[in-house]
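Q: got a structure for you, letters missing:
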Ligand code: AMP
């Protein structure tokens, strides 16, 4: 019994194949540079690796190449023998709160949501349509990044803008990285021996994109990303929270148009904007070598996280655990230390020795007497998607 998970970007398809009985990953891989002169397809499995460098004009051909590599690896005979295919879809709007079997109506609804996620939903749809064309008899399931946050109460998801912007244009907080926040919260509940429906947690997904979530009784009740993934924490290239009036001010004094401002806030800000580099490992090295802007970027990054820990502690009341995940959360010792420093008044006490490691598996990095446990949990969004597909189709 096998489930394939597809994460389709505008020029790439990441994929992972799971044994649905054991939840074990059998193969993972990526098709990159779709539409360019030379594209690159790679798969990794237990006993080896295969790769191809050939032109791949579109997602449909990408899936054909993926199929041929999977057949070559002898793990499947054909994609059509799979039990289910799960698709990551970034924006589910208010319509999709749960994993959903894909049919024509669902495709139309995802298309309608394109204005809310103009970069992501079209690419996700490209993967979905190609996959249906390739194997029309395999159940295809959409798993939405926004779905875990559909439990956020209205007073937390509304912006204090004219009400019609919500009614007419769907302006509200949706939140993203939901699959990751959900996965690590469930793992934490297991680790702490607490039922998911009783777990109160603050989840920190810190990668190139970064977001936090307040989880009460196992459900998301607030999250730092908003209408789009631009709000909230400082990220690799995104600014996170700013005074919205900065946009009008810059438009006036620098004569910047909408696209230029969008590009600045999404691609030229965050760590990159402050110190010229968006890779946290390199920012850390720059800071160690005395680069003042890199030091500042690190201070700002952790300070923003600390402010969110404070506000989510207030919102939750009792907090069972803080969970670090994502490339930075799982690996960056300094960021974890700085984000949790001087938070003893909130019951958070980090053990600096235990914190001094990277997480290959779940680790508890808090002191034994810390009221709030601090856990580092490697995220696994692909497995979570496969589990959600399994729960729907089996
Ligand atoms: P992600 O988007 O989850 O893949 O995370 C990417 C971010 O994680 C980048 O900023 C990387 O620099 C950072 N990262 C990955 N490995 C490490 C590491 N060992 N130490 C610090 N940051 C890391």
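A: Happy to help now that I have it. Note that the structure is a prediction, hence the values are computed from the model and not measured.
Q: Next, the residue in the stretch 251-394 of the chain that the ligand sits nearest to: phi, psi?
A: Closest residue of the stretch 251-394 of the chain to the ligand, Cβ to the nearest ligand atom: residue 327 (2.2 Å). Using the backbone N, CA and C atoms, a C-beta is placed for each residue, glycine as well. The phi/psi pair for residue 327 (degrees, to the nearest 10) reads phi -50, psi -40.
Q: Over to residue 30?
A: phi -150, psi 140.
Q: before we move on, the earlier item: which ones are touching the residue of the stretch 251-394 of the chain closest to the ligand?
A: 206, 207, 208, 280 (Cβ atoms under 8 Å, 6 or more residues apart in numbering).
Q: show me the contacts for the closest residue in space to the second one that isn't next to it in sequence.
A: Sequence neighbours aside, residue 326 is the residue nearest to residue 207 in space, at 3.6 Å (criterion: Cβ to Cβ, 6 or more residues apart in numbering). Contact partners of residue 326, counting by Cβ under 8 Å, 6+ apart, are 180, 204, 205, 206, 207, 210, 379.
Q: ok, residue 326 to residue 81 distance?
A: 34 Å (Cβ to Cβ, to the nearest Å).
Q: Any residues of the stretch 151-300 of the chain in contact with the ligand? List them.
A: 207, 208, 236, 279, 280, 281 (Cβ under 6 Å from any ligand atom).
Q: from those residues, which is closest to residue 294?
A: residue 280 (10.2 Å; Cβ to Cβ).
Q: quick one, what contacts the closest one?
A: Residue 280 neighbours (Cβ under 8 Å, 6+ apart): 236, 271, 327, 328, 332, 335.
Q: Around the closest residue to residue 369 other than its chain neighbours, how many other residues sit close by?
A: Leaving aside its chain neighbours, residue 369 sits nearest to residue 349 (6.7 Å; criterion: Cβ to Cβ, 6+ apart). For residue 349, the tally of surrounding residues (other Cβ atoms under 10 Å) stands at 17.
Q: Residue 168 now?
A: Residues lying near residue 168 (other Cβ under 10 Å) number 9.
Q: Check residue 178 too.
A: 27.
Q: how near is it to residue 379?
A: For residue 178, the distance to residue 379 (Cβ to Cβ) stands at 12 Å.
Q: what do you get for residue 145?
A: For residue 145 relative to residue 379 (Cβ to Cβ), the value is 13 Å.
Q: Then residue 392?
A: Residue 392 is 21 Å from residue 379, by Cβ to Cβ.
Q: more neighbours, the two?
A: residue 379 (25 against 16).
Q: Can you give me every residue that contacts that one?
A: 180, 183, 184, 205, 325, 326, 330.
Q: Give me the pLDDT for the second one.
A: Spelled out, it's residue 183. Per-residue pLDDT puts residue 183 at 98.
Q: Next, give phi and psi for it.
A: phi -60, psi -50.
Q: Tell me how many other residues crowd it.
A: Neighbours of residue 183 (other Cβ under 10 Å): 26.
Q: My read is that residue 174 contacts residue 144, right?
A: No - using Cβ atoms under 8 Å as the test, residue 174 is too far from residue 144 to be in contact (9.5 Å).
Q: picking that back up, which ones among the contacts of residue 327 lie within helices?
A: residue 280 (DSSP state H).
Q: Tell me who's in contact with residue 145.
A: Here residue 145 is in contact with 88, 89, 90, 91, 92, 176, 177, 178, 179 (Cβ under 8 Å, 6+ apart).
Q: ok, now residue 336?
A: Residue 336 neighbours (Cβ under 8 Å, 6+ apart): 324, 329, 350, 355, 365, 374, 376.
Q: Next one, pLDDT for the third one please.
A: What the model reports as pLDDT for residue 350 is 98.
Q: Residue numbering should commence at 144 henceforth.
A: All set: I'll call the first residue 144, so the last point we hit is now residue 493.
Q: where's the closest residue in space to residue 257 that isn't next to it in sequence relative to residue 280, distance?
A: Closest residue to residue 257 apart from its sequence neighbours, by Cβ to Cβ, 6+ apart: residue 264 at 4.9 Å. Taking Cβ to Cβ as the measure, residue 264 and residue 280 are separated by 25 Å.
Q: for residue 523, same thing?
A: Residue 523 is 28 Å from residue 280, by Cβ to Cβ.
Q: Which one of the two is surrounded by more residues?
A: Per other Cβ under 10 Å, whichever of residue 523 and residue 280 has more neighbours is residue 523, with 19 against 8.
Q: quick one, phi psi at that one?
A: Dihedral angles for residue 523 - degrees, to the nearest 10 - are phi -150, psi 80.
Q: For it, list the residues it contacts.
A: Contacts of residue 523 by Cβ under 8 Å, 6+ apart are residue 326.
Q: again, but for residue 191
A: Counted by Cβ under 8 Å, 6+ apart, residue 191 has contacts residue 216.
Q: who's it bridged to?
A: residue 188 (DSSP bridges).
Q: pLDDT at it, what is it?
A: If you check residue 191, the pLDDT there is 91.
Q: Please consider this matter closed, and thank you.
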